[in-house]
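Participant: sharing a model that was predicted from the sequence below.
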Amino acid sequence: RVSLEFYIDVHAHSTMLNGFMYGNVFEEEERVQRQAVFPRLLCQNAPDFSFSNTSFNRDVVKAGTGRRFLGGLLDDTSYCYTLEVSFYSYMTAGSNAPVPYTEETYMKLGRNVARTFLDYYKLNNLIKDNRPTHIQ
């Protein structure tokens, strides 16, 4: 088996709002919990990301996706996700109306994904936190 820490396939979603992830299902509870760490951190970093819409499944329809295929090839330390982001808009906590996505807000989500990698590796003591206190 091959070791790769993360595989994230990025897609646009036509019916749901916000960003959210799909992940694979595991039998071992510890691995289930570890797999949820990245989406939980992303939810803290990105107001337009929804952990509540994130789903871990074995849908037969998704068997040919990169996430499912690579999940079967990679070793137990690898995490494969599909990051889905709405074509249209997102809702933030406490808001009543959807906010349309723009090129700028898609870019901001991308920066928040990068920030989440930093947080993940810091949390796992794999890097020191030398980043500026404010990232735009």
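Facilitator: Here it is on my side, so go on. Numbers count the residues shown, from 1 in each chain.
Participant: tell me how far stretch 30-45 lies from the chain's centre.
Facilitator: On the basis of C-alpha atoms, centre = their mean, to the nearest Å, stretch 30-45 is displaced by 8 Å from the centre of the chain it belongs to.
Participant: stretch 26-42 too?
Facilitator: The offset between the C-alpha centroid of stretch 26-42 and the centroid of the whole chain comes to 11 Å, using C-alpha atoms, centre = their mean.
Participant: ok, stretch 92-106 next?
Facilitator: With C-alpha atoms, centre = their mean as the basis, the mean position of stretch 92-106 lies at 18 Å from the chain mean.
Participant: what average pLDDT does it get?
Facilitator: Over the span of stretch 92-106, the pLDDT mean works out to 94.
Participant: give me the distance between the two termini of that stretch.
Facilitator: In terms of C-alpha to C-alpha, to the nearest Å, the two terminal residues of stretch 92-106 are separated by 14 Å.
Participant: same question for stretch 53-67.
Facilitator: Counting by C-alpha to C-alpha, the length from the leading to the trailing residue of stretch 53-67 is 17 Å.
Participant: now swap in stretch 77-91 and tell me
Facilitator: For stretch 77-91, the first-to-last residue distance is 33 Å (C-alpha to C-alpha).
Participant: residue ranges with poor pLDDT in this structure?
Facilitator: Screening the chain residue by residue with the criterion pLDDT under 70, one finds the ranges 1-2, 60-61, 63, 73, 126-136.
Participant: and if we set it to 80?
Facilitator: Within the chain, the stretches falling below the threshold (pLDDT under 80) are 1-3, 57-66, 68-76, 125-136.
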